[in-house]
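[1] Task: produce atomic coordinates for the following.
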Amino acid sequence: MAKIKNLVNVIGREFETQKMKSFLLSKESELLAMIGRRRVGKTYLVKNVYKNEMVFHITGLQDVLRTYQLDNFVEARNKFFIKSKNLPKPTNWISAFSQLKQLLGKPSKKKRVLFFDEFPWLASNSNEFLKAFDHFWNTWAIDQNILVVICGSSASWMITNIINHKGGLHNRVTQKIHLAPFTLYETEKYFESKKIKIPRPSLIKLYMATGGIPYYLKEVKKGETPVNAINNMYFGPNASLKNEFENLYKALFSNYKKHILVIKALASKWVGLTRNEIVTRTKLNTGGAITTILNELETSGFIQSIQPFGKLQRETLYRLTDEYSLFYLDFIEPNKNIKNYWIKKYNTQKAKLWQGYAFENLCLKHIEGIKQKLGISGILTSESSFYSRRDKDTQGCQIDLLIDRADNAINICEIKFYEGAFVIKDDIIQNLQHKQNIFQEKTKTKKQLFLTLITSQGISDNKNNVLIDTHLDASALFEIKNF
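    Down below sits the predicted model:
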């Protein structure tokens, strides 16, 4: 992609900024649909990247009748067009878009930006807005050298009615951006821009409790340790995020309580659940509804599906990988009224177990960085897990991560979160070799197997180190710049 001159990047969003600016160079009108979870920074990004080109911006109101949305339109109209104050309030959305066309006038050589934020709320309660918008785009805006941006926090609505819809606006959208949370790399750059210096081990701890959500990260103050920062945002006297959980899912999904049922079921078993196990635990119907919920949660980045090595599609495991949701259900929900809970409990065994699982999730999300450090980023791979039940002849085993490579090799990855350098003791080596032997025996694979250890802060010098084929520390996770 060609570089844009005089480009001012939004911190942590360099890739998206470059892409969004390139749309301004297009010779045709563009309709950009941006989706992303609540608090991920969609509005901030659009307003800052297009601040010099934006000629109209409206934000939908949640759960209001059409007449109030039209009042909202009039307020936005009058803010951007001084001459519009003499125009009457439109009686419907066709009239509203007619006024907008009149005010925008003839095409301009410079591409102008129209921003419809919280688009699903504008379209709620009737199909009139969608039909009027479609008419506005298809019969007028498409020929006006205009860039129209639509986005909204209701991921399920955007996915169903815009991204995956067979008709309507699906065929009108010319550009799509799924705004993901920050990677570890982007999180580090974000804090650097705030002049907040955080060592990488501390940064990882913060990320495991918050995810790369900009709105959450801005709560971290200069001079705070991870323990203090997490405690203050979730358990302090002015904890701003301890009640975020239900608001998060309510904003994203129309039938959010069913989504929460699935999330809570997955939080109860860190290794993951199959679809049938989810149905059993939630008592949701086995039909298309559960498929839709799982697809929406995965598309929105809350869960991840992992295909166990050599297993059938119906045995796919779903894991809860959203950092905030996992931390909330494990620690905030049952303890939100305990003042300074995290300061008192961060060093307990339960907290250490959570750190181990959260670090596994972090590695799964940043798998491209791991592959890059392994020197296999150019090789076609598939990632999976492996689980073998104990039987009368052999002990069972579980492998956190398998990287199955097209160059006839497989990395058997063991992931360990540890304070300081990890010591590879004799029992660790025995366990890893046991896993390798069981995997080879059960799968009958002929591929070359590499034992790969991924640790949070490196390994200590030890005679057993030579028995590990490859070791990576958490610096590998900072290699990937964006999801």
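[2] Can you show me the helices along the stretch 251-400 of the chain?
    All helices of the stretch 251-400 of the chain, identified by DSSP state H, counting those that start in this stretch, fall at 256-267, 275-282, 288-299, 323-327, 333-335, 341-345, 349-365, 367-374.
[3] Least confident of the ones you listed, on average?
    Of all these, the minimum mean pLDDT falls on helix 288-299 (a mean of 88).
[4] for the chain, which spans come out with low pLDDT?
    Along the chain, the parts satisfying pLDDT under 70 run over 1-9, 165-168, 170, 312-313.
[5] per-domain residue ranges of it.
    Residue ranges for the domains of the chain, per automatic domain parsing: 14-178, 184-242+336-359, 245-327, 366-478.
[6] How far off centre is the longest one?
    Yep, that's domain 14-178 we're talking about. Computed by C-alpha atoms, centre = their mean, to the nearest Å, the chain-centroid distance of domain 14-178 equals 23 Å.
[7] Stretch 446-458: how far from the chain's middle?
    The mean C-alpha position of stretch 446-458 is separated from the chain mean by 27 Å, C-alpha atoms, centre = their mean.
[8] typed the wrong thing, it's stretch 231-240
    Centre to centre, stretch against its chain (C-alpha atoms, centre = their mean), the figure for stretch 231-240 is 23 Å.
[9] Which one of the helices of the stretch 251-400 of the chain lies nearest to residue 248?
    Judged by C-beta to C-beta, the one of the helices of the stretch 251-400 of the chain that comes nearest to residue 248 is helix 323-327, at 7.5 Å. Every residue, glycine included, has its C-beta placed from N, CA and C.
[10] sorry, back to before: make a markdown table from the helices of the stretch 251-400 of the chain and add distance to residue 442 and mean neighbour count to it.
    A markdown table is the format used below for these (distance: least, C-beta to C-beta, whole Å; neighbours: other C-beta atoms under 10 Å):
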| stretch | distance to residue 442 | mean neighbour count |
| --- | --- | --- |
| helix 256-267 | 26 | 19 |
| helix 275-282 | 22 | 16 |
| helix 288-299 | 28 | 17 |
| helix 323-327 | 30 | 23 |
| helix 333-335 | 39 | 13 |
| helix 341-345 | 39 | 18 |
| helix 349-365 | 22 | 18 |
| helix 367-374 | 23 | 20 |
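[11] The ones you listed: which one's closest to residue 223?
    That would be helix 341-345 among these, by C-beta to C-beta, at 15.5 Å.
[12] Assign a three-state SS to residue 223, would you?
    coil (DSSP: H, G, I helix; E, B strand; the rest coil).
[13] what number of residues lie near it?
    9 (other C-beta atoms under 10 Å).
[14] got it, and residue 37?
    24.
[15] mind checking how far the closest residue to it other than its chain neighbours is from residue 293?
    In this structure, residue 37 finds its nearest non-sequential neighbour in residue 300, 5.5 Å apart by C-beta to C-beta, 6 or more residues apart in numbering. To residue 293, residue 300 is 11 Å away according to C-beta to C-beta, to the nearest Å.
[16] just to revisit the earlier point, so which of the helices of the stretch 251-400 of the chain comes closest to residue 399?
    For the helices of the stretch 251-400 of the chain, proximity to residue 399 was assessed by C-beta to C-beta; helix 349-365 is nearest, at 11.4 Å.
[17] quick check: angle from the closest one to helix 367-374?
    Compare the direction of helix 349-365 with that of helix 367-374 by axes from the mean of the first three to the mean of the last three C-alpha atoms, to 10 degrees and you get 80 degrees.
[18] Mind giving me the packing neighbours of helix 349-365?
    Applying 3 or more C-beta pairs under 8 Å, 6 or more residues apart in numbering; DSSP states H and E, one finds that helix 349-365 contacts helix 200-210, strand 303-306, helix 323-327, strand 397-405, strand 409-416.
[19] May I see the buried residues of the helix or strand where residue 185 lies?
    Secondary structure from DSSP states H and E places residue 185 in helix 184-193. Residues of helix 184-193 classed as buried: 184-191 (neighbour count, 16 or more other C-beta atoms under 10 Å).
[20] Likewise for stretch 309-329?
    309, 311, 316-329.
[21] How about stretch 449-462?
    Buried residues in stretch 449-462, counted by 16+ other C-beta under 10 Å: 449-457, 459, 462.
[22] And those residues, which is closest to residue 180?
    Comparing the buried residues of stretch 449-462 against residue 180 with C-beta to C-beta places residue 454 closest, at 21.8 Å.
[23] Assign a three-state SS to the closest one, would you?
    strand.
[24] Report the two of the buried residues of stretch 309-329 separated the most.
    Checking these with C-beta to C-beta, the most distant pair is 309 and 328, at 31.3 Å.
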